[in-house]
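Chemist: what follows is a predicted protein model with its sequence.
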Amino acid sequence: MGLVVQTTGIIEKGLLRSRFIAWQDIAGISYSQEHAAWLPVWRTAESHIWLQKGRRLSLGRLVPDEKLPECVTRLKAEMYTRLETTCRHTLQLGETVRFGSIRINQTGLGWVELFRSTHFKWREIEKIDVDRGQLLLLLTAGRKKHFDIGNIPNFEIFLILLRETEKIPQ
């Protein structure tokens, strides 16, 4: 089992068969790393490739732990220029850009949980922050919402678009 990165896409190598996935079929990548406060040497890393069809592949089963950060960096280098341009263009057209369960558009930010969709206008969001692997939203009336960064594909592009809408500090 393994992963091969090529100029046209990736090859997911399984035990019995291999599968080619073209760059245009990949919606994004997410990566998170957790450290246990009580045991400083213990940590877990988790990364996924998100496909356009909504599925995600766990890189942890394809890439050894010690090579995971390098692999994620290479995948992002291959994908992010194209994805950032596409996301920015979609947002400028007034359409919604999706980052996993989170959605942003010119009017605000929302998310989908189970069978329920929630959307807040930008004026209803008092603060957006990132802390300890979590995206934190402080909403009006003291409401709060948090998301695990590891479940937000293309998190860096998400932050760039939020900065461009001037919703979080540089």
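Modeler: Done, it's in. Numbers count the residues shown, from 1 in each chain.

Chemist: list the residues that contact the residue sitting nearest the centre point of the chain.
Modeler: Using CA atoms, centre = their mean, the residue of the chain that lies closest to the mean C-alpha position is P153, 1.5 Å off. With contacts defined as CB atoms under 8 Å, 6 or more residues apart in numbering, P153 is in contact with A27, G28, I29, S30, H48, W50, R56, F99, G100. Just so you know, the C-beta spots here come from the backbone N, C-alpha and C atoms, and that holds for glycine as well.

Chemist: for these, give me JSON lines that also has neighbour count.
Modeler: Rendered in JSON lines, the data for the contacts of P153 read as follows (neighbours: other CB atoms under 10 Å):
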{"residue": "A27", "neighbour count": "20"}
{"residue": "G28", "neighbour count": "25"}
{"residue": "I29", "neighbour count": "24"}
{"residue": "S30", "neighbour count": "22"}
{"residue": "H48", "neighbour count": "21"}
{"residue": "W50", "neighbour count": "21"}
{"residue": "R56", "neighbour count": "18"}
{"residue": "F99", "neighbour count": "25"}
{"residue": "G100", "neighbour count": "23"}
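
Chemist: sort out for me which of those residues are in strands.
Modeler: Counting by DSSP state E, the contacts of P153 place A27, G28, I29, S30, H48, W50, R56, F99 in strands.

Chemist: so how far is the longest helix along the chain off the chain centroid?
Modeler: Taking DSSP state H as the criterion, the chain has its longest helix at helix 68-92. Taking CA atoms, centre = their mean, to the nearest Å, one finds helix 68-92 lying 10 Å from the centre of the chain it belongs to.
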